[in-house]
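A.B. asks: Sequence and predicted structure below; questions after.
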Amino acid sequence: MNNEKILTILTNHRQLNNRELPRVLTLRSIVSLIEHSLPPNENINRGEIEDYLNQLQLQGEVLKAKGKKFCVAPPSVLVEDQNNCDILYFRGDRAYLKLVHQVLETREIIPTPEINSRGKNFTEIKEKLNSCGIRLLTYQDTLYELPIPQKPKLYTLEKLDNTLQGEIKIYNPSRQRHLYKYQEERWKITVIERLTNSNLIKLTQAKDYQYYWYEDNQFYHLTDKEQAPLTMFYLDKQANCPLQIPLDETKEGFQLNLQKVFIPYSYYKLVYGLSKPADNSKYIRIFDHIYRSLIEQIFKRLGCNFV
């Protein structure tokens, strides 16, 4: 089983009333279609197929909806930057892959997602793709969509009417200034009476961690899942205590150890989509060397350092 086979299945199923658009398929339907395409003696694992689909979502190839429903993403083309357009990378609906090769005049007999631009510059490529409604994006474009670490905006948070009781934790990176500590080790147990302004709070008794912001004797619930990690990185910057992330060079490029690193989902989606897991851990991510500059910019945006 490979990602291209799954993308082909999602691409080939179109909406009956509009063939330009792909159809949404359930995980069960996708597994059934794959089973029918395999030899009689070959079996597949439903969990493995779901893992493939989730990885494709992180790579921007697939869209995912509630109820384990999937659809191939709209077509787009990625390029490293405007000054390096030799190789382009197609993403999304494969029904448009042949068209992209045609408008870019690649002369490839078998269209592939990795496209040789044949010396065309960024402006020329963009104009040709715009003519058929396909976006051309640089890796830098994806950075502009990433939220920056910042103090929570209280008007976006839900104010609590009840008073919190019992043991709580506050995020306190400044206590670890001279030590290498993961985010989980930067939490300190405290009580309500010792809280001060601009404290990020985590309830320890909740099954799923609930995060709050304390300001002017009020508690505000961080209902957006992005807010808690963004606030952690904001407090790291304020304390001049950046998170240290291990980086090692490999034959293939480089790898990052992201175990115990809690990054916002929008960052997670991009970072994990550009990498593959190491054999011993899905949180140790292996990157091709061409992504070095982009990955450095991504984690610099969060205020992290590589060690």
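C.D. replies: Received, thanks. Just so it is clear, the structure is predicted and the values come from calculations on it, not from any experiment.
A.B. asks: Let me know whether my guess that L143 is in a helix holds.
C.D. replies: Yes - counting by DSSP: H, G, I helix; E, B strand; the rest coil, one finds L143 located in a helix.
A.B. asks: So for the residue lying farthest from the centre of the chain, what's the pLDDT?
C.D. replies: Residue farthest from the centre of the chain, counting by Cα atoms, centre = their mean, is E193 at 38.1 Å. What the model reports for E193 is a pLDDT of 83.
A.B. asks: any idea how far G273 is from Y139?
C.D. replies: 11 Å (Cβ to Cβ, to the nearest Å). Bear in mind the C-beta positions are built from the backbone N, C-alpha and C, glycine included.
A.B. asks: Of these two, which one has the most company?
C.D. replies: Y139 (21 against 16; other Cβ atoms under 10 Å).
A.B. asks: Let me know whether that one touches D81 as I believe.
C.D. replies: Yes - with contact defined as Cβ atoms under 8 Å, Y139 counts as touching D81 (6.8 Å).
A.B. asks: what's the model's confidence in stretch 283-303, averaged?
C.D. replies: Stretch 283-303 comes out at a mean pLDDT of 90.
A.B. asks: same check, this time on stretch 250-264
C.D. replies: Mean per-residue pLDDT for stretch 250-264: 91.
A.B. asks: In it, which of the residues would be classed as buried?
C.D. replies: Buried residues in stretch 250-264, counting neighbours by 16 or more other Cβ atoms under 10 Å, are found at 254-258, 261, 263-264.
A.B. asks: got it, and stretch 139-149?
C.D. replies: Here stretch 139-149 shows 139, 142, 146, 149 as buried, counting by 16+ other Cβ under 10 Å.
A.B. asks: can you check stretch 189-202 too?
C.D. replies: 190, 195, 199-202.
A.B. asks: lowest-pLDDT helix or strand in the protein?
C.D. replies: strand 158-159 (a mean of 63; mean pLDDT, DSSP states H and E).
A.B. asks: got the contact list for the helix or strand just after that one?
C.D. replies: Under the assignment DSSP states H and E, the closest C-terminal helix or strand after strand 158-159 is strand 168-171. Under the criterion Cβ atoms under 8 Å, 6 or more residues apart in numbering, residues 183, 186-192, 195, 199-204, 231-232, 235 lie in contact with strand 168-171.
A.B. asks: So, low pLDDT: which residues of the stretch 51-200 of the chain?
C.D. replies: For the stretch 51-200 of the chain, the stretches with pLDDT under 70 are 155-167, 175-180.
A.B. asks: hmm, 80 instead?
C.D. replies: Counting by pLDDT under 80, the ranges of the stretch 51-200 of the chain that qualify are 142, 154-167, 175-181.
A.B. asks: where exactly do the strands run in it?
C.D. replies: 62-65, 69-72, 76-79, 87-91, 114-116, 135-138, 158-159, 168-171, 187-190, 199-203 (DSSP state E, counting those that start in this stretch).
A.B. asks: Only C-alpha atoms, please: export the fourth one in CSV.
C.D. replies: Going back to what we said before, that points to strand 87-91. The C-alpha atoms that make up strand 87-91 are tabulated as CSV, following Å, rounded to 0.1, in the frame of the first residue of the first chain:
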residue,chain,number,x,y,z
ILE,A,87,11.4,21.6,-9.2
LEU,A,88,7.7,21.9,-8.4
TYR,A,89,5.6,19.7,-6.2
PHE,A,90,1.9,19.0,-7.1
ARG,A,91,-0.5,18.5,-4.2
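A.B. asks: for that strand, packing partners?
C.D. replies: strand 76-79, strand 114-116 (3 or more Cβ pairs under 8 Å, 6 or more residues apart in numbering; DSSP states H and E).
A.B. asks: for those strands, which one ends up most surrounded?
C.D. replies: strand 76-79 (a mean of 21; mean count of other Cβ atoms under 10 Å).
A.B. asks: quick one: contacts of that strand?
C.D. replies: 60, 85, 87-92, 100, 115, 122, 125, 129, 134-139.
A.B. asks: and with 10 Å instead?
C.D. replies: Strand 76-79 is contacted from outside by 60-61, 85-93, 96-97, 100, 104, 113, 115, 117, 122, 125-126, 129, 134-142, using Cβ atoms under 10 Å, 6 or more residues apart in numbering.
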